[in-house]
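S.K.: how would this look folded up:
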Amino acid sequence: MLNVYRCWICGETYLGEEPPSDCPYCGADKQFLKPGEEYEYPEVELSEKSRENFEAALKLEVDNATFYFCAAKRAEDVKRQGMFKRLAKVEAEHAESICMFLDIDEPSINKNSEECAYQLLENLEDAQKRETRAINHYRKFAEEAVEPRVKEFFEAIVDIETDHLELHQQELEELEE
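M.R.: Have a look, this model is predicted:
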């Protein structure tokens, strides 16, 4: 029997008998997939600092999604094309989630950007830098949040971006072999 689950982080709906191990849309851990009837839209009165932090996070996520779409186009093998494309979509989902908190329309993401390298190694290294930068910002944003829901959001995003960083490290190690 199908059940409805909603991700507490991105708000997307998953249909399945059981929730998956991670949200298939934003990458949040299974603990954030709640039965559909328990989901609450993240209407939070943001402090000025949290609003500023969300605006900075939105820029990071849009920039990273744009980069990953470019890297997907330039990847030479199907595996890495798929990896970069999925990462682009995850970052775009994060941007959409941030817009829910800011109560603004989603910005467009340039899927035809040429702002990445032509070489896989350079794109993996750039991806690591981008993920590290995001993790550092989001840790700081979580610490600065006075709203529990905002703190929870940024802590979850840190975990997701850390998974991305580990994926890039595995890919780099695979290239060295």
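
S.K.: CA only for contacts and neighbour counts going forward, please
M.R.: Will do.

S.K.: centre-most residue in the chain?
M.R.: Computing the C-alpha centroid of the chain and ranking residues by C-alpha atoms, centre = their mean puts Glu91 first, at 3.8 Å.

S.K.: that residue falls within a helix, correct?
M.R.: Yes. Under DSSP: H, G, I helix; E, B strand; the rest coil, Glu91 falls within a helix.

S.K.: wait, it touches Glu61, no?
M.R.: Yes. If you go by C-alpha atoms under 8 Å, Glu91 and Glu61 touch, sitting 5.3 Å apart.

S.K.: which SSE is Tyr5 in?
M.R.: Here Tyr5 sits within strand 3-7, counting by DSSP states H and E.

S.K.: in the longest helix belonging to the chain, which residues are buried?
M.R.: The residue-count maximum for a helix in the chain (DSSP state H) belongs to helix 148-176. By neighbour count on 16 or more other C-alpha atoms under 10 Å, the buried set for helix 148-176 is 149-151, 153-162, 164-165, 168-169, 172.

S.K.: before we move on, what about stretch 15-28?
M.R.: For stretch 15-28, using 16+ other C-alpha under 10 Å, the buried residues are 19, 22-28.

S.K.: check these and tell me the two furthest apart.
M.R.: The distance between the two most remote of the buried residues of stretch 15-28 (C-alpha to C-alpha) is 13.8 Å, for Pro19 and Cys26.

S.K.: can you spell out the domain ranges of this protein, please?
M.R.: Domain assignment for the chain by automatic domain parsing gives 3-38, 48-176.

S.K.: lowest mean pLDDT across the ones you listed, which one is that?
M.R.: Least confidently modelled of those is domain 3-38, at a mean of 93 by mean pLDDT.

S.K.: and that one, how far from the chain's centre?
M.R.: 15 Å (C-alpha atoms, centre = their mean, to the nearest Å).
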